[in-house]
Each structure stands twice: as C-alpha cells, then as structure tokens.
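Q: Just a sequence and a predicted model for now, questions to come.
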Amino acid sequence: MRLAIIIPTLCEVGNIRELLGRIRSTIDPLGIRYELIIVDDDSNDGIETVVQGLSEKDSRIRLLIRKNVHGLAGAIIHGWQNTDADILGVIDADLQHPPEILPRLWQSIQSGADIAIGSRYIQRSNQLQWNSFRRFLSKLAIRIALPLLNPEISVSDPMSGFFLVRKPCIQTLHLQPTGFKLLLEILVEGNIQRASEIPFTFGQRCAGKSKISSRVMIDYLKLLMKLWMRRALRVSKVAGRSC
C-alpha cells in the first residue's frame, strides 16, 4: 500500500521544514512507499522556496498551490484528488500533531482498520498543553455531533484533524470543501466499518497563528445542518419503503 499525507498550509513557513523532517525520520524506518503533499493557499510567505528546495532532494515531497481560495478542508480534498495513493492522511502544519505517532496509525491500518485517528481525548493528560477555551469549544462541538455517529463505531475525537483513512472508504463521498472538520463527515457518511484511535498530546503552536475564527464555527454549523438533513432524508426513504 502507498501512503499520501496531506499538509494544508496558510502562512506556515516557520514550521514546515521541521515538520517534514520529523515526518520523514518517523516514516522512513517503516520501509513503506509514501509521499508528502503540501497544499498551500497562496501564502506568499516563502514556503514555496523552502518546499521546492526540499523536494529537489526528496521527490516524495510535493507542493500544490491553490490560488484565490482558502480553507483547510478544501486544501485536504485538493491534495487527496491529486494522488493515487491507497491510504490518505492529513496532519496539521503547526506542529501540534506529533508525527511520531504515524507508525502507530499506519499499524492500525495494516491491522484492518478503515480509519486510524490521532485522538486528544483517550487520555486526559493529552490535553495539558491545550488552551482551555479551545478545549471547551472542541468538547461542545463533539457533544453536538455525537448523535450523528454510528453507535457501533466508538470514536472519542471525531473532531480530530490528524488521521489516516483507506481511499475506497471515501471515494463516493462529496465532501464539504469549507470548514475544518472533514473527519466528522467521513465518519458519518463514509464506508467505515472499523475505526482505531491512537492517543497523542496536543502540542503548542511553534510559529504562525491559529486559523480558528467565527467563520470556522459557522462552517461547522453548516456541516452539521447538512449531515442532519441527509440523515433525515435517509430515514424518510427507509420509512417509505417499509410502508
């Protein structure tokens, strides 16, 4: 199997060199085929020069630049559309997701999981470095989303932005390109039969600034409305057939 990890960026030049180095040093010992795809929303912060310099030394590093469009989810989707890898992944560029747990995520996929998620909530200590207000917002978002999830798939962190998923499990989905929360949509509407979670400690941003804003919250609410409407439509169709 071949792995493609998407790294969406917007003004993250201060982190990208260290992140790519840590990912490669973590994955290389596994002996797997992989590529690292940086999808940048036209930051104009020098990241293009840095990544191109690295890609000249390692062809597994690729850079895609999106013009006149922004959004983490859209950047991830764009990256996934530009690879033929069997396993698709995503990791934030701000170093808050530790690349060192990638081998455990990969092993979960190798062991039969359809999706392997880096989770902030399996162990309470994993949240120690997290802003208390952001932790509150995350838990609130999870609480609102829980009724949408398949009760047979136990997931503690459906808001995570750090995961690997088998490509066939999401090929038929029309994912929402706005917002930050692709994982929730995948868990609700993807062909996911088995999920695995690996705990990690949410780190502190090393450079750049957070992209969390009121716009992100509005996009999340729109996603929830879309998922609830689709669920209601499916339920009505099933009820119609039973009649």
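A: Here it is on my side, so go on. Residues are numbered from 1 along each chain as shown.

Q: Going by C-alpha atoms from here, please, whenever you check contacts or count neighbours.
A: Noted.

Q: lowest-pLDDT helix or strand in the protein?
A: helix 214-242 (a mean of 71; mean pLDDT, DSSP states H and E).

Q: Quick one: the strands in this protein, in order.
A: Using DSSP state E, the strands assigned to the chain run over residues 2-9, 33-40, 61-65, 87-90, 115-119, 163-166, 195-199.

Q: so where is this protein shaky, pLDDT-wise?
A: 123-134, 180, 203-214, 234-243 (pLDDT under 70).

Q: End to end on stretch 53-73, go ahead and measure it.
A: Start-to-end span of stretch 53-73 (Cα to Cα, to the nearest Å) is 26 Å.

Q: And for stretch 144-156?
A: First-to-last residue span, stretch 144-156, Cα to Cα: 13 Å.

Q: Tell me which residues of it come out buried.
A: 145-146, 148-149, 155 (16 or more other Cα atoms under 10 Å).

Q: Let me know the closest of those to R120.
A: Taking Cα to Cα as the measure, R120 sits nearest to V155 out of those, at 11.0 Å.

Q: Contact partners for the closest one?
A: 195-197 (Cα atoms under 8 Å, 6 or more residues apart in numbering).

Q: could these go into TSV alongside distance to I77 and neighbour count?
A: Below are the contacts of V155 laid out as TSV (distance: Cα to Cα, whole Å; neighbours: other Cα atoms under 10 Å):
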residue	distance to I77	neighbour count
A195	20	19
S196	22	21
E197	22	22
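
Q: quick one: contacts for the residue nearest the centre of the chain?
A: Central residue of the chain (Cα atoms, centre = their mean): G161, 3.5 Å from the mean position. Neighbouring residues of G161 by Cα under 8 Å, 6+ apart: 90-92, 118, 180-183.

Q: Comparing the strands of the chain, which stretch has the densest surroundings?
A: Highest mean neighbour count of the strands of the chain: strand 115-119, a mean of 27 (counted as mean count of other Cα atoms under 10 Å).

Q: would you list every one of the helices in this protein?
A: 13-27, 47-57, 72-81, 102-110, 132-145, 182-189, 214-242 (DSSP state H).

Q: buried stuff in the third one?
A: By neighbour count with 16+ other Cα under 10 Å, helix 72-81 contains the buried residues 72-80.

Q: so can I have CSV of the residues you listed showing distance to E56?
A: Listed next are those as CSV, based on distance: Cα to Cα, whole Å:
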residue, distance to E56
L72, 26
A73, 27
G74, 26
A75, 23
I76, 23
I77, 25
H78, 22
G79, 20
W80, 22
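
Q: so which of those comes closest to R135?
A: For these, the nearest to R135 is L72 (19.4 Å; Cα to Cα).

Q: so Q96 makes contact with S160?
A: No: Q96 is beyond contact range of S160, at 11.5 Å (criterion: Cα atoms under 8 Å).

Q: The two: who's more crowded?
A: S160 (22 against 18; other Cα atoms under 10 Å).

Q: what sits against the more buried one?
A: 117-120, 181, 183.

Q: could you redo the last one with a cut-off of 10 Å?
A: 90-91, 97, 117-121, 138, 142, 180-184 (Cα atoms under 10 Å, 6 or more residues apart in numbering).

Q: Kindly report the same for L184.
A: Here L184 is in contact with 142, 145-146, 148-149, 157-161, 190, 220, 223-224, 227 (criterion: Cα under 10 Å, 6+ apart).

Q: next one: W228
A: Counting by Cα under 10 Å, 6+ apart, W228 has contacts 145, 147-148, 222, 234.

Q: So which of these is the closest to D41?
A: K222 (22.1 Å).
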